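> Okay, sequence plus prediction incoming.
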Amino acid sequence: MQRRQILKLCSGVAVLPLLSAYAAAAKIVIIGGGFGGLFAARTLRQYLPAAKITLVEQQHYYYSAPYSHFVLIGARPPNSLRYAYDAAAENIDIVHATAETIENNQVHLAEGRKLPFDCAIVSPGIEFDYSGMSGMNDADNQNNATTRQQIPHAYRGGKQVQQLAQQLQAMPDNGVFIIIPPPTPYRCSPAPYERAALVAHYMEQHKPRGKVLILDPKEQFAQQTLFSDWWNSYYRQRIEWLSGEGGGRVEHIDAATKTVHTEFGEEYGDVINYIPPQRAATIAQHAGLTDSSGWCPVNPATMESQQQKGIYIIGDAAALAPAPKSASCAMSAAAVAAAAVARVLSGREIPLPDILESICFSHITPNIAFSEQGSYFTTPTLRREQVNLTPRHTAKETLQNIAATGRVWHQQTTAALFE
């Protein structure tokens, strides 16, 4: 399948060039070069071949968070999830800089430059909020940067995943790997529990007496029944999950002693994987795009900010519940935003996609996975149309096929975006 076909398939819409004089002269700035931002840029280029499209991305390489757990357990080399932006620049100006704020239809960069725009799409991702965790926040720990390096969240691809992998490899055969998931909402809600499964898979082969302990602030978690069933089937008692009320609510982390303090006592972890609460990235806050929740409210029919007109927000930063914060949903939202921007700049009544699509693959082993596919209407209000989750007691061969499908999805999607 050709790349352009894949892009059309991902967006769910046929893209036709729009060639009005205003559209040809239009300036569009996109902040964030992840799945959502880059897909928006590519889709807009199809809509508006002559417009000036600028993508602002801080990093020179993109590290995929999907499949980073495979790097954690040594099932994939780190560089297999690293993607350069060079090949992605098809008539798109890519500026590697930090966007600090947005004022008066200009994106202000840290280096001092200002990028004017007619429309902007903001896909900045998330930032982590350490303020509520004793031992990890700025008030309690003057050396918080060092402490946070000792306890990597590894919730983005790249260096922290490799660091957590080294800690896993170095732990003793009877070691305890503690995972502390965040409260909802957060990026890729099944990810901490997939991580638990794949770490347990690693232990089966390399740390035969090891244990995974999940200390969860929540009383339930995404896809809990399926994870619990297959944890028990594949790993017996190797994975233990404690709910907030059942002793999982963490009050303090002591990095020096590798001790976690809960309401009910202390737990020692040879490896502590604290995944902090999340909110929209700093640029969204500085630009006045967030509300009291820390996320960015949008009109789901267009993805336009409810806080500022002319700015469209997609990806994990957008408040789009009940739709999940997933890579596929970010791309689906990007298709909506790109069509909305093209409509505004061209002055033509082009159709807007009215459904967000999401698919998520959750692994129990590298070759066994289940999936969740969801569809969400964007009008008149965002609502769930249907969600299809792999049934319990699904045959192993089917689970293997789902895992293979996930690998194909990831390979085709990243190839369409970055090659």
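That came through fine. Numbers count the residues shown, from 1 in each chain.
> Show me this structure divided up by domain.
Using automatic domain parsing, the domain ranges for the chain come out as 3-58+97-127+279-353, 142-274.
> most packed of these?
domain 3-58+97-127+279-353 (a mean of 21; mean count of other C-beta atoms under 10 Å). Glycine gets a C-beta too; all of them are placed from N, C-alpha and C.
> Now for S131, how many residues are close by?
Using other C-beta atoms under 10 Å, S131 has 11 neighbouring residues.
> Tell me the pLDDT of the residue nearest to it when sequence neighbours are not counted.
Closest residue in space to S131, ignoring its immediate chain neighbours: N137 at 5.0 Å, by C-beta to C-beta, 6 or more residues apart in numbering. Per-residue pLDDT puts N137 at 85.
> Could you check how far N137 is from P322?
30 Å (C-beta to C-beta, to the nearest Å).
> Please enumerate the strands of the stretch 301-419 of the chain.
304-305, 311-313, 318-319, 355-365, 368-377, 383-389 (DSSP state E, counting those that start in this stretch).
> Put the alpha carbons of the fourth one into CSV.
Listed next in CSV are the C-alpha coordinates belonging to strand 355-365 (Å, rounded to 0.1, in the frame of the first residue of the first chain):
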residue,chain,number,x,y,z
ILE,A,355,-16.3,9.9,14.2
LEU,A,356,-13.1,9.4,16.1
GLU,A,357,-11.6,6.0,15.8
SER,A,358,-9.3,4.3,18.3
ILE,A,359,-7.5,1.0,18.4
CYS,A,360,-5.3,-0.2,21.2
PHE,A,361,-3.2,-3.4,21.4
SER,A,362,-2.4,-4.7,24.9
HIS,A,363,0.2,-7.4,25.2
ILE,A,364,0.4,-10.2,27.7
THR,A,365,3.6,-11.6,26.1
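> Adjacent strands (with direction) for it?
Note on strand 355-365: by DSSP bridges, its sheet partners are strand 368-377 (antiparallel).
> now the partner strand against strand 383-389, angle please.
160 degrees (axes from the mean of the first three to the mean of the last three C-alpha atoms, to 10 degrees).
> mind checking which of the strands of the stretch 301-419 of the chain is nearest G247?
Closest approach to G247 among the strands of the stretch 301-419 of the chain is made by strand 355-365 (24.7 Å; C-beta to C-beta).
> residue ranges with poor pLDDT in this protein?
1-24, 139-145 (pLDDT under 70).
> Mind doing that once more with 50?
1-6, 8-9, 12 (pLDDT under 50).
> Mind naming the longest helix for it?
The residue-count maximum for a helix in the chain (DSSP state H) belongs to helix 396-418.
> got the phi/psi numbers for the residue nearest to D129 when sequence neighbours are not counted?
For D129, ignoring the flanking residues on the chain, the nearest one in space by C-beta to C-beta, 6+ apart is P277 at 4.6 Å. Phi and psi for P277, reported as degrees, to the nearest 10, are phi -60, psi 160.
> quick one: contacts for P277?
Counting by C-beta atoms under 8 Å, 6 or more residues apart in numbering, P277 makes contact with F128, D129, G132, P182, P183, Y186.
> contacting residues around the spatially closest residue to R209 that is not a sequence neighbour?
Once flanking residues are discounted, R209 sits nearest to N174: 3.9 Å by C-beta to C-beta, 6+ apart. Contacts for N174 (C-beta under 8 Å, 6+ apart) come out as K207, R209, G210, K211.
> Could you dump the residues you listed into TSV with secondary structure and distance to E90 added?
Shown next, in TSV, are the contacts of N174 (DSSP: H, G, I helix; E, B strand; the rest coil; distance: C-beta to C-beta, whole Å):
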residue	secondary structure	distance to E90
K207	coil	46
R209	coil	52
G210	coil	47
K211	strand	49
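> out of these, who's nearest P190?
Using C-beta to C-beta, the contacts of N174 come closest to P190 at K211, 20.8 Å.
> residues in contact with the nearest residue in space to that closest one that is not next to it in sequence?
Leaving aside its sequence neighbours, K211 sits nearest to V176 (C-beta to C-beta, 6+ apart; 5.1 Å). By C-beta under 8 Å, 6+ apart, V176 lies in contact with G210, K211, V212, L213, E267, Y268, G269, D270, V271.
> Am I right that the third one is in a strand?
Yes: going by DSSP: H, G, I helix; E, B strand; the rest coil, the assignment for V212 places it inside a strand.
> Hmm, it is touching M171, no?
No: the pair V212 / M171 is not scored as a contact, 11.2 Å apart, by C-beta atoms under 8 Å.
> Which neighbours do those two have in common?
Common neighbours of V212 and M171 (C-beta under 8 Å, 6+ apart) are F177.
> I'd like the contacts of N174 laid out as JSON lines, including distance to F227.
JSON lines is the format used below for these (distance: C-beta to C-beta, whole Å):
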{"residue": "K207", "distance to F227": "20"}
{"residue": "R209", "distance to F227": "22"}
{"residue": "G210", "distance to F227": "18"}
{"residue": "K211", "distance to F227": "16"}
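> any idea which of the residues you listed is closest to K309?
Using C-beta to C-beta, the contacts of N174 come closest to K309 at K211, 52.5 Å.
> The closest one contacts F177, doesn't it?
Yes: the criterion here is C-beta under 8 Å, and K211 meets it with F177 at 7.2 Å.
> what do the two both touch?
With C-beta under 8 Å, 6+ apart as the test, K211 and F177 both reach M203.
> any idea which residue sits dead centre in the chain?
R187 (4.7 Å; C-alpha atoms, centre = their mean).
> Now do the longest helix of the chain: distance to the chain's middle.
17 Å (C-alpha atoms, centre = their mean, to the nearest Å).
> Sort out which residues of that helix are buried, please.
For helix 396-418, burial by neighbour count (16 or more other C-beta atoms under 10 Å) applies to L399, I402, A403, G406, W409, H410, T413, T414, A416, L417, F418.
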